[in-house]
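**Student:** Any chance you could fold what I've pasted below:
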Amino acid sequence: MTESPLQETEHETHISAPPDAVFAVLADAPGWPAVFPPSVHVEQIERTGSGERIRIWATANGSLRTWTSRREFDERARRIRFRQEVSAHPVAAMGGEWTVEEAGDGGTRVRLTHDFRAVDDDPETIGWIHRAVDRNSEAELASLRSALERPDGTAPTTFEDTVLVNGRAEDVYEFLYRSDLWPERLSHVARIAVKEEEPGLQHMEMDTLAADGSTHTTASVRVCSPERRVIVYKQLRTPALLSLHLGRWSVRPGGDGDGIAVTSAHTVSVIRSAVPGILGERATETDAVDFVRRALGRNSLLTLEAAKRYAESRA
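**Tutor:** Have a look, this model is predicted:
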């Protein structure tokens, strides 16, 4: 079995924003989940001079995959080169470059190139990777444009809720991780389907009961880190009012050694055009954000309080 010949792709877009603003978004890798649909979670492993190592979790053709990349920055030329250190099967090697250029009309031209090899020279495998690269590149460029131009979305807003638990952190994390048991444990979860392709990487579809008795179906992917007791997730299917919903469950020691602090954090962006149809003609963007904050906060607190009871009953 031999690696495929080197494959190359190029995609580009025009953005009505200054080049420096575009470059800043591309340089902030941990912020990508709020910008790019395929990105679920990004961690900066190290930063040295003009380079960094990052670990990325992202969807590709419906699968959740993770890899580590090195990036080199040329801020003067507004270029960012990247190369995967360990690629996810069936990719044998992949790299590329972001190039940000002045467009001459006050806007910016962004080019995204990739080069890759497959683990073998099977045409179906090479075609699968091409489709994934094309789909993700087009989605990333469109979302980069939307994030900077904001044609119909509000700026992301983050809020969180925390409870203190007099129990073991392991039990709290287990409650949050075993989402397949939530219909038995949580009154606001009517149905859930969980698929774990590999340990810690979960696909989750859930029917949630709202305060008015209606049911909302969401689909998410979750990255679970038992060693740090953190679960991050991204909704792939959001409620009609939201264009973005990121979440994070974290379990950590409380202040002054006072029990365990369990936090649920949300980052959301509201679709402006959806506000009147859902909340009424007089509702504002602020009203919509407040509505989402109350709804998500209600469900988060129900889950946090249930996790608290579970852990404390086992202490």
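
**Student:** show me the contacts for the residue nearest in space to the middle of the chain.
**Tutor:** For the chain, the residue nearest the mean C-alpha position is residue 40 (2.7 Å; C-alpha atoms, centre = their mean). Listed by C-beta atoms under 8 Å, 6 or more residues apart in numbering, the contact partners of residue 40 are 33, 57, 58, 59, 64, 221, 223, 232, 233, 234. For glycine as for every other residue, the C-beta is placed from the backbone atoms N, C-alpha and C.

**Student:** what's the closest non-adjacent residue to the fourth one?
**Tutor:** Yep, that's residue 59 we're talking about. Spatial nearest neighbour of residue 59, chain neighbours left out: residue 38 (5.0 Å); criterion: C-beta to C-beta, 6 or more residues apart in numbering.

**Student:** count of residues packed around the one you found?
**Tutor:** By other C-beta atoms under 10 Å, the residues close to residue 38 number 23.

**Student:** So it versus residue 64, what's the distance?
**Tutor:** 10 Å (C-beta to C-beta, to the nearest Å).

**Student:** Now for these two: what residues contact both?
**Tutor:** Common neighbours of residue 38 and residue 64 (C-beta under 8 Å, 6+ apart) are residue 58.

**Student:** Now stretch 245-264: buried residues?
**Tutor:** 245-251, 259-264 (16 or more other C-beta atoms under 10 Å).

**Student:** now, which of the residues you listed sits nearest residue 141?
**Tutor:** residue 246 (20.2 Å; C-beta to C-beta).

**Student:** Need the contact partners of the helix or strand hosting the closest one.
**Tutor:** Secondary structure assigned from DSSP states H and E places residue 246 in strand 242-253. Here strand 242-253 makes contact (C-beta under 8 Å, 6+ apart) with 33-34, 152-153, 156, 169, 172-173, 176, 218, 220, 229-235, 238-239, 260-271, 292, 296.

**Student:** Now the buried members of those.
**Tutor:** 33-34, 153, 156, 169, 172-173, 176, 218, 220, 229-235, 238-239, 260-271, 292, 296.

**Student:** Distance to residue 201 added to the contacts of residue 40, as a markdown table?
**Tutor:** Listed next are the contacts of residue 40 as a markdown table, based on distance: C-beta to C-beta, whole Å:
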| residue | distance to residue 201 |
| --- | --- |
| 33 | 15 |
| 57 | 7 |
| 58 | 11 |
| 59 | 10 |
| 64 | 5 |
| 221 | 7 |
| 223 | 6 |
| 232 | 11 |
| 233 | 11 |
| 234 | 12 |
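
**Student:** what would those residues look like in a markdown table with distance to residue 182 and pLDDT?
**Tutor:** Formatted as a markdown table, the contacts of residue 40 follow (distance: C-beta to C-beta, whole Å; pLDDT from 0 to 100):
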| residue | distance to residue 182 | pLDDT |
| --- | --- | --- |
| 33 | 23 | 95 |
| 57 | 22 | 94 |
| 58 | 25 | 91 |
| 59 | 22 | 88 |
| 64 | 20 | 89 |
| 221 | 16 | 96 |
| 223 | 18 | 97 |
| 232 | 17 | 98 |
| 233 | 13 | 98 |
| 234 | 18 | 97 |
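
**Student:** mind putting those residues in JSON lines, secondary structure included?
**Tutor:** Shown next, in JSON lines, are the contacts of residue 40 (DSSP: H, G, I helix; E, B strand; the rest coil):
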{"residue": "33", "secondary structure": "helix"}
{"residue": "57", "secondary structure": "strand"}
{"residue": "58", "secondary structure": "strand"}
{"residue": "59", "secondary structure": "strand"}
{"residue": "64", "secondary structure": "strand"}
{"residue": "221", "secondary structure": "strand"}
{"residue": "223", "secondary structure": "strand"}
{"residue": "232", "secondary structure": "strand"}
{"residue": "233", "secondary structure": "strand"}
{"residue": "234", "secondary structure": "strand"}
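
**Student:** circling back: what's the closest of the buried residues of stretch 245-264 to residue 133?
**Tutor:** residue 246 (23.7 Å).

**Student:** Show me what the closest one is bridged to.
**Tutor:** residue 234, residue 267 (DSSP bridges).

**Student:** try the one 5 residues further on
**Tutor:** In this structure, residue 251 has beta-bridge partners residue 262, where bridges are defined by DSSP bridges.

**Student:** and the helix or strand that contains residue 128 with strand 242-253, angle?
**Tutor:** Under the criterion of DSSP H and E, residue 128 resides in helix 123-149. Helix 123-149 runs at 90 degrees relative to strand 242-253, counting by axes from the mean of the first three to the mean of the last three C-alpha atoms, to 10 degrees.
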